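Engineer: model the structure of this input:
(chains A and B)
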Amino acid sequence: MATMASRGDEQALFVRKATGLVRGWSVRDAFIYAAFSINLITLGLYIFSFGPFIPDGSLLWAVLLGGAYLVLQGITYASLIAAMPRAGGDYVWISRVLGGGIGFVLAVAGWWFILWLWVPIYANILNLEILAPLSAIVGWDSAVTFWGGDDGIFLSSVITALLASLFIALGIRTYARLQKICFYGGLIGLAVMMLLLLVNSKTSFIANFNEQSADLYGTKNAYDATLKAGTDGYDPPALGAFALGSTLLLIPMLAFFNLWSNWGATLYGEVRGASDFRKNIYAMAGALLATTVAAIILFALFSKTFGWDFYNAANNAYWAGTAPTGAWPYPGLLAASFLPPVLQFLLVAVLSLWFFGWVGTVFLSSTRVIFAAAFDRVLPEQVAKVSRNGVPTIALTLMLVPSIGLAALYAYSTDFRTYTLDATLVIAVTFLGSAIAAAVLPWRRKEIYDASPISHYRVLGIPLITFTAGAFILFLGFCLVKWLQDDVYGVNNKDSLIFMGAMYVLAIAIYAGSRLYRQRQGMDLKMVYGEIPAE
Amino acid sequence: MRIFFATDIHGSETCWKKFLNAGPHYEADVVILGGDMTGKALVPVVDDGDGHWHATLLEHRQDLDGEEAVVAFEQSVMRRGYYPFRTTPDEVDELSSDESKWHALFDQHMIGTVERWMGMADEKLAGSGIRVFVCPGNDDQLEIDEIVEAAKTVELGEGRVVDIDGFELASTGWANRTPWDTYREEDEPQLRERIERMVEGVTTPPERTIFSLHCPPHGTGLDDAPQLTADMDLKDAGRSTVPVGSTAVREAIEAHQPALSLHGHIHEARGTTRLGQTLCINPGSSYEQGQLLGAVIDIDGKKKVKKFVLTSG
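Structural biologist: Numbers count the residues shown, from 1 in each chain, chains lettered A, B, ... in the order given. Okay, here's the model as predicted:
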């Protein structure tokens, strides 16, 4: 009936057999989710292509420095999980520590509203990395043109939103299984891509690129033409060149890719001690560092086989609208150029598993936040309704319908498309709320902190959670200042600010309205987070 | 009538104290604890002589100098829902090698703590006018019932239908089978019979009936628990969940349609749902952090319960 738990030579704990007594959970499984959330192939390759926007910045150093620094984010979130496990993430952490209203506003803006914008962004990646390259490989020219156009972006947004909904409807258990298959398949694709870049020469690449560009796009001598178009007024820095100021400016841009190691933070198992706390760090920071290292290896291989100048020039030309081929230089397709068409198709398809294993995350966490807010009675009870087979129909609708509306804006307004980093900024503000909550946790919720496995960890006499959260706040503060100050990120124009501001206004209006309504009902929402005195 | 409901405090001294204060705090007329009161672990505080002790909590070994440090440590252990006990290195060895001995010690601590808690309740709530119900859950030994029954201010819920100001509350802490072979679990047909036997005693119409059934109804989201591997590890790092609630509980709710049905058992599955007219609530549990998750419900005898909030006290 009962069991014992050994800790070293002397038994430190006698544990009886009771409900919920489990052995543990695997770092590997958590690592997979975190690696998908950072996603080198989709988010990474997409945002790296914006590198030339900061001409002297070093992608290599920015990825390395940003990745290394954001380990502190992993530790901050691992600490929050350890102190308040299974608590529902940013929403509950901020609500419990800083207040219900702040928690609601920051969480719904960052984990619900702004994810509407992520749908067309995901869709754009779907076009650039999957639909357009596959169409090009099979020689379907009109499809290549279509996916690159406004209607193509809109249609792929609808596909993306429906796919994400389908994965949610299938349930997290099925999605977790699918993710695992996608992860291992995607890893094979990445390994093949790296191998092709390693064993083939630049001369061979130039020859293949020229030949295939002529066949696919009718562009002659495409390598030189791309290089020329992309270096018009732009001198790509060498791979290892290091200009501190410009490189630091790249970091807020790269946050689009490497800020998400904590995406599944609230989904992992309970933290029962120091070893589980470390597991969370290994999973999140491990995925971040592994992805960072993989990115650097890719850069080195791009430099060796494509030529670093060419890689940057091709990206620059594409975003300037002067690329001779007109196509986004997807490194997966470029690497596949060494293969015959059937295998090219296969490699791009296998690499697309990085997209399909990841696309469900756009709605997964949002539905959880919507549920949590409904249970707190800030949103109506009905939004947490699930169908007989467990599909959160109304919560999904609240994601799906607005995201299609925003997708139309994104597809048909070129200005709106430049607000891509709004999607990162609003979530970063939510993370800032959690980081502040983490930093003050040892004082604001002393009892919770003291009872947690992290209370013994200190750095320079400061609680570890405060130290790492403080460092993470500095990072987010730097990014926010840069995003709002510099035009290059595309977020500080009037319309973009109105768009983001509207999300916060909507969140505040919902919270204030609910609060008044519940007050009239005699159910003050203050009750939700007000602590009962113990003595 | 305002009800406060909490559940699964698993030995947490802080949560019990908060539960006793919840009535006045939320201005509730009735407070109900839905089961699983007892803790899951014993923590030895080992005497090293000369006022020095050592003990380990959350895999962190602490050397404790003097009575004050020991008491502070014991409080942090109790806050988490574990039972501290002072001992010697020899006794720890003896307990480690003899399962029956530490089981007996466990029983002693579980029963002793519940007795002490009932005393605290009598002291705190006598004359308050707040009715307090406790219904032990599947993780609570059967002996607990007698102790609760003996308390002056706390009423035992298990297997009974009790009148509360014209409403009737029917409670049981029994659950369907778990992988842990706990004290109060049985196969679904037996559980259905148990609930039906009890519900036969209900005389109020559905809108004035309340169920407090520790186990949540199957397939409602209130019963989503992390999926386990054959080795009892959490599958997919805890992300993958499966419904583990009771079909018998679900059938009983669907058949009788009480206005309110209160549940616990699955700590992660905090939420609310409706089965027909019935509002089903599982407030979840965060007893390890000393947080008393609960629900405040205003019930008025109308068809549907509409006024409620989940709380995090």
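
Engineer: please report the distance of residue A:93 from residue A:419.
Structural biologist: The spacing between residue A:93 and residue A:419, counted by CB to CB, to the nearest Å, is 28 Å. Quick note: C-beta positions are derived from backbone N, CA and C, even for glycine.

Engineer: can you check residue A:61 too?
Structural biologist: When distances are taken as CB to CB, residue A:61 and residue A:419 turn out to be 27 Å apart.

Engineer: do the same with residue B:31
Structural biologist: According to CB to CB, residue B:31 and residue A:419 sit 51 Å apart.

Engineer: again, but for residue A:524
Structural biologist: Relative to residue A:419, residue A:524 is positioned 38 Å away (criterion: CB to CB).

Engineer: one step back: residue A:93 and residue A:419: which is more packed in?
Structural biologist: Counted by other CB atoms under 10 Å in any protein chain shown, residue A:93 and residue A:419 do not tie: residue A:93 has more neighbours, with 27 against 23.

Engineer: next SSE after the lowest-mean-pLDDT helix or strand in chain A?
Structural biologist: Taking mean pLDDT, DSSP states H and E as the measure, the helices and strands of chain A show their lowest mean at strand A:24-25, namely a mean of 70. Toward the C-terminus, strand A:24-25 is succeeded by helix A:27-38 as the next helix or strand (DSSP states H and E).

Engineer: and that next one, what does it pack against?
Structural biologist: helix A:172-199, helix A:274-305 (3 or more CB pairs under 8 Å, 6 or more residues apart in numbering or on different chains; DSSP states H and E).

Engineer: counting neighbours, what do you get for residue A:485?
Structural biologist: Each residue near residue A:485 was counted by other CB under 10 Å, and the total is 10.

Engineer: quick one, grab the pLDDT at it.
Structural biologist: Note on residue A:485: pLDDT of 95.

Engineer: ok, now how distant is it from chain B?
Structural biologist: Shown here: residue A:485 relative to chain B, a distance of 38 Å by CB to the nearest CB, to the nearest Å.

Engineer: contacts for stretch A:408-424, please.
Structural biologist: Under the criterion CB atoms under 8 Å, 6 or more residues apart in numbering or on different chains, residues A:114-115, A:117-118, A:120-121, A:124, A:150-151, A:153-154, A:157, A:252-253, A:255-256, A:259, A:483, A:489-491, A:495-496, A:499-500 lie in contact with stretch A:408-424.

Engineer: in that stretch, what's buried?
Structural biologist: Across stretch A:408-424, burial judged by 16 or more other CB atoms under 10 Å in any protein chain shown covers A:408, A:409, A:410, A:411, A:416, A:417, A:419, A:420, A:421, A:422, A:423, A:424.

Engineer: now do the end-to-end distance for that stretch.
Structural biologist: Between the opening and closing residues of stretch A:408-424 we find a distance of 20 Å, counting by CA to CA, to the nearest Å.

Engineer: isn't residue A:260 up against residue A:40?
Structural biologist: No: taking CB atoms under 8 Å as the definition, residue A:260 is not a contact partner of residue A:40, at 11.7 Å.

Engineer: quick one: contacts for residue B:62?
Structural biologist: Residue B:62 makes contact with B:54, B:55, B:56, B:73, according to CB under 8 Å, 6+ apart.

Engineer: SS state for it?
Structural biologist: Under the three-state scheme (DSSP: H, G, I helix; E, B strand; the rest coil), the conformation of residue B:62 reads as strand.

Engineer: which residue comes closest to the residue of the stretch 101-250 of chain A found nearest chain B once chain neighbours are left out?
Structural biologist: Among all residues of the stretch 101-250 of chain A, residue A:176 sits closest to chain B, at 4.1 Å; criterion: CB to the nearest CB. Nearest residue to residue A:176 in three dimensions, chain neighbours excluded: residue B:236, at 4.1 Å (CB to CB, 6 or more residues apart in numbering or on different chains).

Engineer: please name the nearest non-neighbouring residue to residue 182.
Structural biologist: Let's take chain A. Leaving aside its chain neighbours, residue A:182 sits nearest to residue A:357 (2.7 Å; criterion: CB to CB, 6+ apart).

Engineer: meant chain B actually
Structural biologist: residue B:138 (4.5 Å).

Engineer: could you check the pLDDT of the one you found?
Structural biologist: Residue B:138 carries a pLDDT value of 96.

Engineer: my guess is it meets residue B:172, correct?
Structural biologist: No: because the distance of 9.9 Å does not satisfy CB under 8 Å, residue B:138 is recorded as not touching residue B:172.

Engineer: flag every residue of the stretch 101-250 of chain B that's near chain A.
Structural biologist: Taking CB under 8 Å from any CB of the partner chain, the part of the stretch 101-250 of chain B that reaches chain A is made up of B:102-103, B:105-106, B:138-139, B:178, B:180-182, B:219, B:221, B:225-228, B:231-243.

Engineer: can you do 6 Å?
Structural biologist: Those residues of the stretch 101-250 of chain B that sit near chain A, judged by CB under 6 Å from any CB of the partner chain, are B:102-103, B:106, B:139, B:178, B:180, B:182, B:221, B:232-234, B:236-240.

Engineer: show the buried residues in those residues.
Structural biologist: For these, a burial check counting by 16+ other CB under 10 Å picks out B:102-103, B:106, B:139, B:178, B:180, B:182, B:221, B:233-234, B:236-240.

Engineer: closest to residue B:274 among those residues?
Structural biologist: If you rank these by distance to residue B:274 using CB to CB, residue B:221 comes first, at 11.1 Å.

Engineer: look up how far residue A:363 lies from that closest one.
Structural biologist: Taking CB to CB as the measure, residue B:221 falls 17 Å from residue A:363.

Engineer: same check on residue A:261?
Structural biologist: Distance from residue A:261 to residue A:363, counting by CB to CB: 20 Å.

Engineer: likewise for residue A:468?
Structural biologist: Counting by CB to CB - residue A:468 and residue A:363 are separated by 30 Å.

Engineer: try residue A:297
Structural biologist: Applying CB to CB to residue A:297 and residue A:363 gives a distance of 32 Å.

Engineer: which of these two has more residues huddled nearby?
Structural biologist: Neighbour totals were compared for residue A:297 and residue A:363, and residue A:363 leads with 29 against 14 (other CB under 10 Å).

Engineer: hmm, back to that, pop out the phi and psi values for the residue nearest to residue B:182.
Structural biologist: Backbone torsions of residue B:138, given as degrees, to the nearest 10, read phi -60, psi -20.

Engineer: just for the stretch 101-250 of chain B, where's the confidence low?
Structural biologist: Applying pLDDT under 70 to the stretch 101-250 of chain B picks out no residues at all.

Engineer: and the strands in the stretch 101-250 of chain B?
Structural biologist: With DSSP state E, counting those that start in this stretch as the criterion, the stretch 101-250 of chain B has strands at B:131-134, B:154-156, B:161-164, B:167-172, B:209-213, B:224-226, B:233-234, B:241-243.

Engineer: the buried residues of stretch A:408-424 in helices, which ones?
Structural biologist: The subset of the buried residues of stretch A:408-424 located in helices under the criterion DSSP state H comprises A:408, A:409, A:410, A:411, A:416, A:417, A:422, A:423, A:424.

Engineer: thanks again, I'm all set now.
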